[in-house]
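A.B. asks: Model the structure of this input:
(one chain, ligands or ions: 2)
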Amino acid sequence: MRAPGARPGEAEVHVLWLNAGLSCDGESVALTAATQPSVEELALGALPGLPRLALHWPLLDYASGPQLGPDDFTEWFRRAERGELEPFVLVVEGSVPNEAIKEEGYWSGFGNDPETGQPITTSEWLDRLAPLATAVVAAGTCAAYGGIHAMQGNPTGAMGVPDYLGHGWRSKAGVPIVCVPGCPVQPDNLSETFVYLLYQLTGQAPMIPLDDNLRPAWLFGETVHEGCHRAGYYEQGEFAATHGSDRCLVKVGCWGPVVRCNVPKRGWINGVGGCPNVGGICIACTMPGFPDRFMPFMDEPAGLQGTPPAGGLYGRLVRTLRGIALHNVEEEPEWRRRGDELTSGYEPAWRKGSGHG
Ligand code: SF4
Ligand code: SF4
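C.D. replies: Residues are numbered from 1 along each chain as shown. Ligands and ions are numbered 1, 2, ... in the order given. Below you'll find the predicted structure:
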């Protein structure tokens, strides 16, 4: 099925944007700031040789409404479920709460089932649509690894899309889950990933290269520290003791040396900004272990300060130790997984000290 308004003969790929996970909608907001390419270029088919994205996204959908399509936005998701949209990419925003840990109610849902009148939960949409999608993109750290909602002591059993579907999951086209983390995602990292997938889906690019945590390898191959404007101060041993300084921020809590993220190089919007470049410590928001493995945020990270020379034996030693530290913080906490028991350590406030349960 083609989206209303598509030009005759124009190729298009549908994008079903499921923002019904636990989230702040940060990825949706972030994408409006993309410039390489912009969301307008994607939605209008302005990139030569590529199909346009027929976006079914709460922030923008030309094909919903009384003039151009169904009044009910969720109808596009039902069409996909009936096999009427081909191809489509399922974009998930927000973490997936575990609906199996309780006997009644639901944590999050999106639209109602016309047959039962009951809400369709986020995880049920994943069950229905993931097997039919050509690719699944987990946008932002919550969808990728669970993020803030999946931290220790959470009541929902929230997890990332790979925790839910399985890290080795493949789409019907053989594409692994593509995770583009960030809290929120860097806008161009997401729009550029869409472009790569469009090239791949049209046979113009090989399988998208992903790292061990399913991130696009070319975007997350280097650490924050390797791209930071302040790295020269680190090398010279000039550290900020308080915020507001232009020196290296490691002693006030920057995790940059062991965090995979290109934001200091790429900037936030149109090349401008980028956490440590503009005075913000890196709190490791792109990492699978975020936030638990990096808290408390404002303390000096153990073992990351120092003044390693540029090369030689000591430099190699530092790189080896960094590699070990990086490996440790690349892992998600063990409670983010499926099952009918909540293992996050949550204890209801009303139960504490009450002598119940
Ligand atoms: Fe930049 Fe942080 Fe590395 Fe310091 S520790 S140079 S502020 S990334
Ligand atoms: Fe997140 Fe650090 Fe990257 Fe900033 S620099 S976006 S805090 S991982």
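A.B. asks: quick one, helices of the stretch 251-357 of the chain?
C.D. replies: 263-266, 312-329 (DSSP state H, counting those that start in this stretch).
A.B. asks: The last one and ligand 2 in contact?
C.D. replies: No. If you take C-beta under 6 Å from any ligand atom as the test, helix 312-329 misses ligand 2, and the best it gets is 11.2 Å. C-betas here are computed from N, CA, C, even on glycine.
A.B. asks: next one: stretch 215-230
C.D. replies: Yes. For stretch 215-230 and ligand 2, the contact criterion (C-beta under 6 Å from any ligand atom) is met by Val224.
A.B. asks: oh, and call the first residue 171 from now on, that's how I've got it
C.D. replies: Sure, I'll start counting at 171 from here, so that last one is stretch 385-400.
A.B. asks: Now do Ala224 against Arg507, distance only.
C.D. replies: Distance of Ala224 to Arg507, given as C-beta to C-beta, to the nearest Å: 34 Å.
A.B. asks: higher neighbour count, these two?
C.D. replies: Ala224 (26 against 15; other C-beta atoms under 10 Å).
A.B. asks: Looking at strand pairing, list the partners for that one.
C.D. replies: Beta-bridge partners for Ala224, by DSSP bridges, are His184.
A.B. asks: Hmm, it is touching Ala181, no?
C.D. replies: No. Using C-beta atoms under 8 Å as the test, Ala224 is too far from Ala181 to be in contact (10.2 Å).
A.B. asks: what's around Ala190, how many residues?
C.D. replies: 24.
A.B. asks: distance of it from Gly338?
C.D. replies: Counting by C-beta to C-beta, the gap from Ala190 to Gly338 is 25 Å.
A.B. asks: what about the helices of the stretch 421-527 of the chain, which gets the closest to Val185?
C.D. replies: helix 433-436 (22.6 Å; C-beta to C-beta).
A.B. asks: confidence score at whichever residue of the stretch 171-320 of the chain sits closest to ligand 2?
C.D. replies: Of all residues in the stretch 171-320 of the chain, the one sitting closest to ligand 2 is Thr311 (8.4 Å; C-beta to the nearest ligand atom). Note for Thr311: predicted pLDDT of 98.
A.B. asks: right, and it touches Asn359 too?
C.D. replies: No. Using C-beta under 8 Å as the test, Thr311 is too far from Asn359 to be in contact (11.8 Å).
A.B. asks: And these two? Which one has more around it.
C.D. replies: With neighbours defined as other C-beta under 10 Å, Thr311 and Asn359 compare such that Thr311 has more, 30 against 24.
A.B. asks: Tell me who's in contact with that one.
C.D. replies: 317-318, 351-353, 355, 455-457, 460 (C-beta atoms under 8 Å, 6 or more residues apart in numbering).
A.B. asks: Buried ones from those, can you make that a ChimeraX selection?
C.D. replies: Restricted to buried positions by 16 or more other C-beta atoms under 10 Å, the ChimeraX selection for these reads:
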select :317,318,351,352,353,355,455,456,457,460
